[in-house]
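Asker: give me a model of this one.
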Amino acid sequence: MVIMKTFFYLRIFPSLTPIVVMINSVIYDLRIFMFFYGLLISFFCLVFAVLGLGNGEVHNNVESRILKSGGGGGGGGFASKINDG
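Answerer: Residues are numbered from 1 along each chain as shown. Here you go, the predicted model:
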């Protein structure tokens with residue numbers, strides 16, 4: 001906010017006026033872009049949180065369940081446990 005006021009006062013010099021206007025418009029456009037960029041990053045974080053990537057405890061637990069499921073070509077899912085008794 002302070003730097004915007006400084007740019008405003010730099011407009012009194014005719015040679016700096018186009019540069020100050022350009023910087024103000026770039027900062028305004030950058031705010032909108034950063035909002036959508038932050039939204040995109042938060043959605044990617046949400047997807048990784050749902051998948052459990054980066055969490056060693058969850059990842060190891062999933063691997064152990066896959067290895068324990070064992071059994072034939074059926075994948076050892078719920079149906080094979082019902083058939084086994």
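
Asker: when you work out contacts or count neighbours from here on, use the C-alpha atoms and nothing else.
Answerer: Fine.

Asker: and residue 14, helix, strand or coil?
Answerer: coil (DSSP: H, G, I helix; E, B strand; the rest coil).

Asker: mind checking pLDDT for residue 66?
Answerer: pLDDT, residue 66: 60.

Asker: sorry, slip of the keys, the one I care about is residue 41.
Answerer: 95.

Asker: count the neighbours of it for me.
Answerer: Residue 41 has 11 neighbours, counted by other Cα atoms under 10 Å.

Asker: cool, residue 43 as well?
Answerer: 12.

Asker: ok, residue 25 to residue 2 distance?
Answerer: 16 Å (Cα to Cα, to the nearest Å).

Asker: nope, residue 38 is what I was after
Answerer: Distance, residue 38 to residue 2, using Cα to Cα: 24 Å.

Asker: now residue 16
Answerer: Taken as Cα to Cα, the span from residue 16 to residue 2 is 18 Å.

Asker: one step back: between residue 25 and residue 2, which one's more packed in?
Answerer: In this view residue 25 and residue 2 are compared by other Cα under 10 Å, and residue 25 has more residues nearby, 11 against 7.

Asker: can you tell me the helix or strand for that one?
Answerer: helix 17-51 (DSSP states H and E).

Asker: quick check: buried residues in that helix?
Answerer: Going by neighbour count (16 or more other Cα atoms under 10 Å), the buried part of helix 17-51 is 17, 20.

Asker: for it, packing partners?
Answerer: Packing partners of helix 17-51 (3 or more Cα pairs under 8 Å, 6 or more residues apart in numbering; DSSP states H and E): helix 2-10.

Asker: then the helix it packs on to CSV, C-alphas only?
Answerer: This file holds the C-alpha atoms of helix 2-10, laid out as CSV (Å, rounded to 0.1, in the frame of the first residue of the first chain):
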residue,chain,number,x,y,z
VAL,A,2,2.8,2.4,0.8
ILE,A,3,4.6,1.7,-2.4
MET,A,4,1.4,2.6,-4.3
LYS,A,5,1.4,6.0,-2.6
THR,A,6,5.0,6.4,-3.6
PHE,A,7,4.1,5.6,-7.2
PHE,A,8,1.3,8.1,-7.0
TYR,A,9,3.7,10.9,-6.0
LEU,A,10,6.1,9.9,-8.8
